[in-house]
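Participant: kindly generate the corresponding structure for this input.
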Amino acid sequence: MDRGRRARDGRSSSGPPRGRVWRPVGDHAHRRSSPGDMELNMNRIQIEETHNKETENDSLSPNINSCFLRSEPQQPSNSNSGKGEDTKSIAGFEDSVPAEDFSEARRFDICVPQVGAPVMLKPSLLVKNREKRNEEKRSLEEHNWRILRPGMVLLKSYLSISDQVKIVKLCRDLGLGAGGFYQPGYRDGAKLHLKMMCLGKNWDPETSKYGEHRPIDGAKPPRIPEEFCYLVAKAIKDSHAFISKNVKKNDVQEKFPLMAPNIGIVNFYTASGRLGLHQDRDESEDSLRKGLPVVSFSIGDSAEFLYGDQREIVKAEKVLLESGDVLIFGGKSRHIFHGVPSILQDSAPKALLEESRLRSGRLNLTFREY
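Facilitator: So this is what the prediction gives:
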């Protein structure tokens, strides 16, 4: 039952019935009007005007409020198509839920907006300096860096807190502009469990292809900031040096090719965010054939990361990606299946949250060369 009809059925019955007009009956309809009749006519006019306005408001109210009050998504009718209603699973986004609106991209702020003067108590300078010293010490200890498999390296605590804060602020500025963060989804009404922003080129989950504009609103993705390109190049260079010290072969290029990123995908996961096992195989044939690596930055809450040669969770290996970690996989590991089954809520460094105001969740940046 629509909102207007409910309002009409629930209206008081003390006045005249809806849809009717009071009219004189019998001989009164033909006799000359008296002052009392004129007063009655004025009352009838007022009743009719009130009825018309209420009817008009009842018919308009669902449309007016539909922009602000979102109801449950409608399921597609079986009569419109003979196709099944299987949920799409493009690029590993297996678990999807009905989309609220695919007609426009709603901008998403990855940081908590600051209203008025900040009131939170910040840690003392001594505590902050101690945290930074410990972080720098961890980043310099190479035993925290690991070769997970040929062509796959994990650089623990690689990004400093200051670097992470800069990354968050850059992502926030880009994310609030044209082509920024939005809830990606499919035309059949499913949406992904994350917010996404593409850099360089747009990646469309519906077609699994890259393009110059995203179909949802025609926006062009922002360019990759120079700061990001610098960090990617430095991480690859440091990975080569680390591999050289820990493998017998000196031909690092064969195991881990160099690359210059020109496309990137930035995802923000809330506590319930996840990403099914998938392969990154939508880049050019030349890029895939060369095994050009994927470089991933983790910022904010920690995440469980699965990876393996098959798309089976029980056979996948697991590693914890924490804030500041950089994961690189290329060469023989370029086509591994990987995914994020869960986010560890409230596990982000406090210093990062206080300096960047990042929302509770995980910010993940991945860079590739198309």
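
Participant: quick one: residue 298 from residue 366, how far?
Facilitator: Distance, residue 298 to residue 366, using C-beta to C-beta, to the nearest Å: 10 Å. (Glycine included, C-beta is placed from N, CA and C.)

Participant: what about these two, which has more around it?
Facilitator: residue 298 (24 against 17; other C-beta atoms under 10 Å).

Participant: surely that one touches residue 319?
Facilitator: No: with contact defined as C-beta atoms under 8 Å, residue 298 does not reach residue 319; the gap is 10.9 Å.

Participant: so residue 195 touches residue 267, yeah?
Facilitator: Yes: contact between residue 195 and residue 267 holds when scored by C-beta under 8 Å: they sit 7.0 Å apart.

Participant: which residues of the protein score low on pLDDT?
Facilitator: Low-confidence segments of the chain, defined by pLDDT under 70: 1-105, 116-124, 127-128, 130-132, 134-143, 249-254.

Participant: recalculate using a threshold of 90.
Facilitator: Residues of the chain meeting the criterion pLDDT under 90: 1-107, 113-144, 185-193, 216, 244-256.

Participant: the helices in the stretch 201-350 of the chain, which residues?
Facilitator: Listed from the start of the chain, the stretch 201-350 of the chain has helices (DSSP state H, counting those that start in this stretch) covering 226-246, 252-255, 285-290, 350-356.

Participant: point out the most buried one among these.
Facilitator: A comparison of the helices of the stretch 201-350 of the chain by mean neighbour count, using mean count of other C-beta atoms under 10 Å, puts helix 350-356 on top with a mean of 19.

Participant: residue 195 and residue 267: who's more crowded?
Facilitator: residue 195 (25 against 21).

Participant: now do the contacts for the more buried one.
Facilitator: For residue 195, the contacting residues are 108, 110, 181, 182, 183, 267, 268, by C-beta atoms under 8 Å, 6 or more residues apart in numbering.

Participant: and those, which is closest to residue 335?
Facilitator: Among the contacts of residue 195, residue 267 lies closest to residue 335 (C-beta to C-beta), at 20.0 Å.

Participant: gap between the closest one and residue 222?
Facilitator: Distance, residue 267 to residue 222, by C-beta to C-beta: 15 Å.

Participant: turn the helices of the stretch 201-350 of the chain into JSON lines, columns for distance to residue 339.
Facilitator: JSON lines is the format used below for the helices of the stretch 201-350 of the chain (distance: least, C-beta to C-beta, whole Å):
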{"stretch": "helix 226-246", "distance to residue 339": "22"}
{"stretch": "helix 252-255", "distance to residue 339": "24"}
{"stretch": "helix 285-290", "distance to residue 339": "19"}
{"stretch": "helix 350-356", "distance to residue 339": "24"}
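
Participant: nearest to residue 326, out of those helices?
Facilitator: That would be helix 226-246 among the helices of the stretch 201-350 of the chain, by C-beta to C-beta, at 4.9 Å.

Participant: who does the closest one touch, helix- and strand-wise?
Facilitator: Applying 3 or more C-beta pairs under 8 Å, 6 or more residues apart in numbering; DSSP states H and E, one finds that helix 226-246 makes contact with strand 145-149, strand 152-155, helix 161-175, helix 252-255, strand 294-300, strand 326-329, strand 362-368.
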